[in-house]
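Student: Quick check, what structure comes out for this input:
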Amino acid sequence: MIKGLKFTHRGYLVIIISLTLLFYSYITLRYEVIAYTTFIMALFMLDIMYLAWSNRECIIIGSRRRYLSKVLLDSCSEVELELKVVNGKGILVIEDQVSKELRVTEGKRFTIVNVDRNNVVIKMRYVIKPLYRGEFYLGPLNIYFNSIFGLARYIPSVRVKNNSVSIKVVPSFYVVSIKPLTITHKITAPHGGHPIRSKGLGVELEYLREYMPGDDYRKIAWKPTARNPRRIPYVKETKTEIMLESLIVIDPSVPSSLGYRKRIVDYYVEAAGAIMLTAYRLGDPIGLYIAGIPSRLTIPSRRKEMLALGLEALEVLTPQLQPSRITSIVDVAKRVLPHRTIILMFTTLEGISEEEVEYIVNSLNVLKHIPVFIIPYTPSFTPIPKEKLLKNLYDELITKERERIISYSRLLRTRGALVSILPKDYFVEGSLNIYYSLREMG
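Tutor: Numbers count the residues shown, from 1 in each chain. Okay, the predicted model is just below:
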């Protein structure tokens with residue numbers, strides 16, 4: 001802000017009305033109007049002169065004592081400021097500009113203080129809660145003295161450290177992935193056998209048993225056999241380590257007639273990030289494909305660098321208004337995915353025809369992949385209107401949406417794909433449970 005005196009809208013209005021009355025009164029020789037208008041103008045000038053003279057040497061110094069440069073989505077962060085007013089007098093207004101994506105849940109981001117002595121210390125505290133992911137800003141501070149009649153403002157010298165700061169809102173999957181799972185999600189497996197995705201014998205001992213004809217001699221436990229007085233060979237039964245190779249596919253396009261209060265893509269990001277961190281902790285190769293414009297791809301891997309690239313792509317993912325491009329997963333599967341890869345697809349299937357859905361499932365089955373569709377139950381994401389007319393329209397839309405989801409779900413199951421429809425309150429935890437269920441099935 002530039003130091004100096006500025007008129008408010010009320011002040012400009014008073015000046016315009018006074019000049020108009022003076023011009024009219026001089027033409028009509030209305031001396032009482034001239035006297036009244038002159039008195040108002042003199043009072044106005046005295047108000048401005050007192051404001052400028054009282055704060056000509058005013059300096060406001062201070063800083064943001066507390067704030068976080070990185071905040072988790074759906075968490076709260078405290079902001080605290082401390083300012084010191086030197087050589088100032090009058091009605092001081094302090095307002096901190098906050099992005100509309102950061103909602104103030106506690107305290108106030110503005111204050112009005114009557115400064116009547118030197119070296120006044122002012123403290124401000126409020127709590128913000130981010131609504132979306134991204135990079136947002138706090139500040140700069142609007143600090144000015146108001147005149148007594150509110151006709152002018154005087155902006156003093158302001159020396160505030162961290163006057164304007166950026167806050168990066170990151171997904172909360174960093175903490176979601178380590179929460180204990182209390183609900184087991186059941187998923188229907190396709191018919192037929194499911195070979196375990198590992199090579200060779202397991203290394204973790206399960207138990208010992210007596211040798212049976214046909215057992216592999218490499219499984220004989222020689223030391224326990226030597227200690228056995230009956231000299232009956234013992235065989236080691238080991239646990240086989242399951243390695244699940246999977247690819248997460250996200251469809252960021254959400255064309256819908258329903259008014260979602262919170263972006264569904266944010267739920268995709270939270271669930272996908274939780275699955276990726278869990279897979280990395282368990283040693284499973286996992287990749288990410290964002291079927292948007294532009295598209296992002298990290299091939300299934302256990303490398304930390306590839307995981308970091310995938311998480312960075314999730315942090316900046318936003319909804320897209322373009323039509324869905326999830327059918328491009330077929331080309332990706334042909335080029336980079338090995339057989340028997342679990343493909344977890346986060347999509348609402350809006351804007352996709354039944355022929356395209358059949359093409360995706362049939363192609364992935366031919367390529368010997370396992371398609372898993374995780375579909376959000378969109379009615380649970382939609383706020384219920386209070387108006388009666390809007391509620392009738394809402395009921396019609398919800399009925400059509402429910403029928404659409406059921407129809408696509410039946411189609412996917414008949415084509416041999418795994419399907420899970422998750423509501424809003426259970427979406428992240430349910431998606432993570434699906435991954436654990438697939439891992440247990442091998």
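Student: strands paired with the host helix or strand of Tyr137, and their directions?
Tutor: Assigned by DSSP states H and E, Tyr137 belongs to strand 134-146. Here strand 134-146 has these sheet partners by DSSP bridges: strand 90-98 (antiparallel), strand 152-155 (antiparallel), strand 165-170 (antiparallel).
Student: those strands in the stretch 101-250 of the chain, which residues are they?
Tutor: 102-107, 110-115, 120-130, 134-146, 152-155, 157-161, 165-170, 204-210, 220-221, 234-239, 246-250 (DSSP state E, counting those that start in this stretch).
Student: Each with direction, which strands does the first one pair with?
Tutor: When pairs are called by DSSP bridges, strand 102-107 turns out to pair with strand 120-130 (antiparallel).
Student: Kindly state the domain boundaries assigned to this structure.
Tutor: By the assignment in automatic domain parsing, the chain contains the domains 8-54, 59-174, 178-194+242-441, 207-234.
Student: how about those domains, which one is nearest Ile2?
Tutor: domain 59-174 (6.8 Å; Cβ to Cβ). Glycine gets a C-beta too; all of them are placed from N, C-alpha and C.
Student: Compute the first-to-last residue distance for the closest one.
Tutor: 44 Å (Cα to Cα, to the nearest Å).
Student: before we move on, back to that, relative to Tyr234, which of the strands paired with strand 134-146 is closest?
Tutor: strand 165-170 (53.0 Å).
Student: that older thread, turn the domains of the chain into CSV, columns for mean pLDDT.
Tutor: Shown next, in CSV, are the domains of the chain (pLDDT from 0 to 100):
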stretch, mean pLDDT
domain 8-54, 84
domain 59-174, 89
domain 178-194+242-441, 83
domain 207-234, 79
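Student: Now distance to Ile2 and mean neighbour count too, for these, in TSV please.
Tutor: Formatted as TSV, those follow (distance: least, Cβ to Cβ, whole Å; neighbours: other Cβ atoms under 10 Å):
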stretch	distance to Ile2	mean neighbour count
domain 8-54	14	14
domain 59-174	7	17
domain 178-194+242-441	35	17
domain 207-234	80	11
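Student: Export the strands of the stretch 101-250 of the chain to TSV and append columns for distance to Arg439.
Tutor: Formatted as TSV, the strands of the stretch 101-250 of the chain follow (distance: least, Cβ to Cβ, whole Å):
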stretch	distance to Arg439
strand 102-107	38
strand 110-115	52
strand 120-130	32
strand 134-146	33
strand 152-155	62
strand 157-161	50
strand 165-170	26
strand 204-210	16
strand 220-221	29
strand 234-239	14
strand 246-250	9
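Student: Which of those sits closest to Val332?
Tutor: Among the strands of the stretch 101-250 of the chain, strand 246-250 sits nearest to Val332 (Cβ to Cβ), with 7.9 Å.
Student: Let me know the next secondary structure element after the closest one.
Tutor: helix 264-282.
Student: so that next one versus strand 165-170, what angle?
Tutor: 70 degrees (axes from the mean of the first three to the mean of the last three Cα atoms, to 10 degrees).
Student: distance between the helix or strand following helix 264-282 and the chain's centre?
Tutor: Counting by DSSP H and E, the next helix or strand C-terminal to helix 264-282 is strand 286-290. Chain-centre distance of strand 286-290: 18 Å, with Cα atoms, centre = their mean, to the nearest Å.
Student: ok, now stretch 372-382?
Tutor: On Cα atoms, centre = their mean, the centre of stretch 372-382 falls 17 Å from the chain's centre.
Student: Can you give me the end-to-end span of it?
Tutor: For stretch 372-382, the end-to-end distance is 24 Å (Cα to Cα).
Student: tell me what the longest helix seen in the chain is packed against?
Tutor: Of all the segments of type helix in the chain, defined by DSSP state H, the longest one is helix 388-414. With contacts taken as 3 or more Cβ pairs under 8 Å, 6 or more residues apart in numbering; DSSP states H and E, helix 388-414 sits against helix 354-366, strand 370-376, strand 418-422.
Student: For the most centrally placed residue in the chain, give its distance to Arg159.
Tutor: Centroid-nearest residue in the chain, with Cα atoms, centre = their mean: Arg133, separated by 3.7 Å. Distance of Arg133 to Arg159, given as Cβ to Cβ, to the nearest Å: 33 Å.
Student: Understood, closing this out.
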